[in-house]
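Q: Take a look and give me a structure for this.
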Amino acid sequence: MSRRCDRTSAWSALQAHFAAQGAAQDVRDAFRQDPERARRWTVEAAGIRVDLSKNRWDDTALRLLLQLADECDVTGQRDAQFRGDSINHTEGRAVLHTALRAPAGMAPFGDEVQAALDEMLAYAESVRERARQGGLTDLVHIGIGGSDLGPAMAVQALAPFALPGLRLHFVSNVDGHDLAAVLPQLRADRTLFVVASKTFTTQETLANAEAAKAWFLAAGGTDIAAHFAATSSNRAAASAFGIRHVFGFWDWVGGRYSLWSVIGLPLAIAIGSAHFRSFLQGAHAMDRHFAEAPPAQNLPLLLGLLDVWYRNFHGFGSRSVAPYHQGLRRFPAYLQQLEMESNGKSVDRDGEPLPYATSPVVWGEAGTNGQHAYFQMLHQGTDVVPVEFIAVRQPAYGFQPEGELKARLADQHRKLLANCLAQAQALLQGKTAEEAAAERAPTANPALAPEVLSRHRSFPGNRPSTLFLLERLDPASLGALIALYEQRVFVTGAIWGINSFDQWGVELGKALCNQLLPRLDTGNVEGLDASTAAALLWARGG
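A: Okay, here's the model as predicted:
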């Protein structure tokens, strides 16, 4: 039986340890005292190697955090997820995205999942053949939230594995500028639109779909059934739209976990069925690690415990994700929904207000771009922000460079990796004022007193980071990486005692929008707060 984290003996012990040692821990001292620290705090799972050694925790903190996981029955909650129990209790649903990537016979609903997967992949291959024959040049995927973020991120990450000659576009924003920027690039007779909406009622998605349909007909298109497909459980609504190819899924597939389902259709079309199955296999390998690895070597569990340690004891309010791979430039945005929509909750499973913080703010940018944007704050700002670096050892460009280009790209990749490792090193080591004073700074103002300048050029160091190391970015490793983050979010939610699988916070704004829409036509502001009323009148041109 699980207990809420703040009602366990481990929580009290962690508070005492943090006050006595954890708050003042300097990781630089830990490395000096333990030459084996890097080795001991590095864990590998499903081909992903994670170095946790630069974080502000010690053996005592880890022991108590593992005790906390035990007292909160994370293992039991994990097993309930894999069994298909209704752990999303506010909606009365199971949470079985893990079943979508499990081999036949190894998860609930196995026959249904495999049949849906086979049907979707067969259609994907038929679309790829149309593209090979020159009958299709563009695919426009229309969705929002999890129906957009996952496929868009994964297609971008796996671009080197994509079918040449087929361009994929992703439209999500109800702002017409999003769709309008894509349409001029298209020919109606060579474009396929995929409309992704579980209910086929999502306001933003349906608005874009109707606009795309209007463009298609105006541009000379005649066969909607051949140029539109849908991933939706509402077959009747999709059919009424004119769509014949409709791929459905189940209520136990949450939007932010739906990439593994038929929502992954654009990814399957881009990389093909064999690579898509490899993508699922990578995720399943991480699921098996989470289910079977001992706690002290269980990577999702360790990352989740680190998150709790930082959020609830150190008080760190955000975490930055810095993937040093251009293909993963949208990964931080994907993680924002995964974590903040899942764990941005303020009541426990019984509806009781929580006295402790839950989800941190997750944000980031691809390296090395982020170094020239926000890393200044990471190194010298007043807030401590843990950073997660993602590095890939072997690049893949989708073609084989030769000659001078091959040498130059190899040199650029060495620079990329060196920058990644150097940033983590700099965050850890810092620079004292004395060290800064001993250096020559060519751009410094010579009129400034040396001791003043040295303070400007010093770095506190002891700033935590985690290094994720991938041999290569391919379908299997991407699947494992996403699943690692998913299960990590599960761990923190289980410890905090919250429901990580509903998203009621999304609903209020939607409901109010539907109430305001007719007011934009009528100008009726009765009953509105003064600010909203004034803004609505402005929007009407008044």
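Q: Where does the prediction get shaky in the protein?
A: The chain contains residues with pLDDT under 70 at 1.
Q: Pop the domain breakdown of it in here.
A: 5-71+298-439+450-498, 97-278, 511-539 (automatic domain parsing).
Q: Save those domains as JSON lines, and put in distance to Thr90 and mean neighbour count too.
A: Using the backbone N, CA and C atoms, a C-beta is placed for each residue, glycine as well. Listed next are these as JSON lines, based on distance: least, Cβ to Cβ, whole Å; neighbours: other Cβ atoms under 10 Å:
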{"stretch": "domain 5-71+298-439+450-498", "distance to Thr90": "8", "mean neighbour count": "18"}
{"stretch": "domain 97-278", "distance to Thr90": "12", "mean neighbour count": "19"}
{"stretch": "domain 511-539", "distance to Thr90": "17", "mean neighbour count": "12"}
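Q: any chance of those domains in JSON lines, plus distance to Phe82?
A: Shown next, in JSON lines, are the domains of the chain (distance: least, Cβ to Cβ, whole Å):
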{"stretch": "domain 5-71+298-439+450-498", "distance to Phe82": "10"}
{"stretch": "domain 97-278", "distance to Phe82": "6"}
{"stretch": "domain 511-539", "distance to Phe82": "34"}
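Q: Out of these, which gets nearest to Ala285?
A: When the domains of the chain are compared by Cβ to Cβ, domain 5-71+298-439+450-498 sits nearest Ala285, at 3.9 Å.
Q: what about that closest one, how long is it end to end?
A: In domain 5-71+298-439+450-498, first residue to last residue: 10 Å (Cα to Cα, to the nearest Å).
Q: in the chain, which spans are strands?
A: Secondary structure of the chain (DSSP state E): strands at 42-45, 48-51, 138-142, 167-171, 191-196, 228-231, 245-247, 318-324, 361-364, 387-394, 465-472.
Q: got JSON lines for these, with distance to Gln33 too?
A: Shown next, in JSON lines, are the strands of the chain (distance: least, Cβ to Cβ, whole Å):
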{"stretch": "strand 42-45", "distance to Gln33": "18"}
{"stretch": "strand 48-51", "distance to Gln33": "18"}
{"stretch": "strand 138-142", "distance to Gln33": "52"}
{"stretch": "strand 167-171", "distance to Gln33": "49"}
{"stretch": "strand 191-196", "distance to Gln33": "53"}
{"stretch": "strand 228-231", "distance to Gln33": "54"}
{"stretch": "strand 245-247", "distance to Gln33": "56"}
{"stretch": "strand 318-324", "distance to Gln33": "27"}
{"stretch": "strand 361-364", "distance to Gln33": "31"}
{"stretch": "strand 387-394", "distance to Gln33": "23"}
{"stretch": "strand 465-472", "distance to Gln33": "19"}
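Q: which one of these lies closest to Gly430?
A: Ranking the strands of the chain by proximity to Gly430 (Cβ to Cβ) places strand 465-472 first, at 12.4 Å.
Q: re earlier: between the strands of the chain, which one is nearest to Asn499?
A: strand 361-364 (19.0 Å).
Q: so what secondary structure elements neighbour the closest one?
A: strand 318-324, helix 331-336 (3 or more Cβ pairs under 8 Å, 6 or more residues apart in numbering; DSSP states H and E).
Q: Adding distance to Ala99, write these out as a markdown table.
A: Formatted as a markdown table, the helices and strands packed on strand 361-364 follow (distance: least, Cβ to Cβ, whole Å):
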| stretch | distance to Ala99 |
| --- | --- |
| strand 318-324 | 27 |
| helix 331-336 | 21 |
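Q: out of these, which comes closest to Ala131?
A: Evaluated over those, closeness to Ala131 peaks at helix 331-336, with 25.7 Å, by Cβ to Cβ.
Q: Kindly format the C-alpha coordinates of the closest one as PDB.
A: C-alpha atoms of helix 331-336 as PDB (Å, rounded to 0.1, in the frame of the first residue of the first chain):
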ATOM      1  CA  PHE A 331      13.000  17.400 -27.600                       C
ATOM      2  CA  PRO A 332      12.800  20.000 -24.800                       C
ATOM      3  CA  ALA A 333       9.400  21.200 -26.100                       C
ATOM      4  CA  TYR A 334       8.200  17.600 -26.200                       C
ATOM      5  CA  LEU A 335       9.400  17.100 -22.600                       C
ATOM      6  CA  GLN A 336       7.600  20.200 -21.500                       C
END
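Q: Show me the contact partners of it.
A: The contact list for helix 331-336, computed with Cβ atoms under 8 Å, 6 or more residues apart in numbering, reads 149-150, 153, 157, 320-321, 323, 362-365, 390, 482, 485.
Q: right, and the pair among those with maximum separation?
A: Spatially, the most separated pair among the contacts of helix 331-336 is Gly150 and Ser320, at 20.9 Å (Cβ to Cβ).
Q: Which member of the contacts of helix 331-336 is positioned nearest Ala104?
A: Distances from Ala104 to these, taken by Cβ to Cβ, are shortest for Ile482, at 21.5 Å.
Q: residue farthest from the centroid of this structure?
A: Ala447 (47.7 Å; Cα atoms, centre = their mean).
Q: any idea how far that residue is from Gly135?
A: According to Cβ to Cβ, to the nearest Å, Ala447 stands 70 Å off from Gly135.
Q: ok, longest helix in the protein?
A: Using DSSP state H to define each element, the chain has its longest helix at helix 403-429.
Q: Off-centre distance for that helix?
A: 24 Å (Cα atoms, centre = their mean, to the nearest Å).
Q: Asp278 and Ala480 touch, don't they?
A: Small correction: residue 278 is Ser, not Asp. No. Using Cβ atoms under 8 Å, Ser278 is not in contact with Ala480; the gap is 10.5 Å.
Q: Need the contact partners of stretch 370-387.
A: Stretch 370-387 is contacted from outside by 55, 310, 314, 316-322, 364-365, 419, 423-424, 426-427, 459-460, 463-466, using Cβ under 8 Å, 6+ apart.
Q: what's the answer for stretch 173-193, then?
A: Contacts to stretch 173-193, defined as Cβ under 8 Å, 6+ apart, come from residues 127, 130, 135-142, 144, 167, 169, 171-172, 203-204, 207-209, 211-213, 215-216, 219-221, 227-229.
Q: From one end of that stretch to the other, what's the distance?
A: End-to-end span of stretch 173-193 (Cα to Cα): 16 Å.
Q: Over to stretch 361-377?
A: 15 Å.
Q: Please enumerate the helices of the stretch 251-400 of the chain.
A: Using DSSP state H, counting those that start in this stretch, the helices found in the stretch 251-400 of the chain span residues 265-271, 273-292, 299-308, 331-336, 342-343, 375-380.
Q: Centroid-nearest residue for the chain?
A: The chain has Leu335 as the residue nearest its centroid, 2.1 Å off, counting by Cα atoms, centre = their mean.
Q: Distance-wise, check that residue relative to Leu149.
A: Here Leu335 is placed at a distance of 9 Å from Leu149 (Cβ to Cβ).
Q: can you check Gly105 too?
A: Remark: distance between Gly105 and Leu149 (Cβ to Cβ) = 31 Å.
Q: mind listing what Glu486 touches?
A: Applying Cβ under 8 Å, 6+ apart, we find Glu486 in contact with His97, Tyr257, Leu338.
Q: circling back: just put the helices of the stretch 251-400 of the chain in a markdown table and tack on distance to Ala10.
A: Below are the helices of the stretch 251-400 of the chain laid out as a markdown table (distance: least, Cβ to Cβ, whole Å):
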| stretch | distance to Ala10 |
| --- | --- |
| helix 265-271 | 41 |
| helix 273-292 | 21 |
| helix 299-308 | 11 |
| helix 331-336 | 27 |
| helix 342-343 | 20 |
| helix 375-380 | 31 |
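Q: Show me the one of those helices that comes nearest Ala534.
A: Closest approach to Ala534 among the helices of the stretch 251-400 of the chain is made by helix 331-336 (31.0 Å; Cβ to Cβ).
Q: Run the chain-centre distance for the closest one.
A: On Cα atoms, centre = their mean, the centre of helix 331-336 falls 3 Å from that of its chain.
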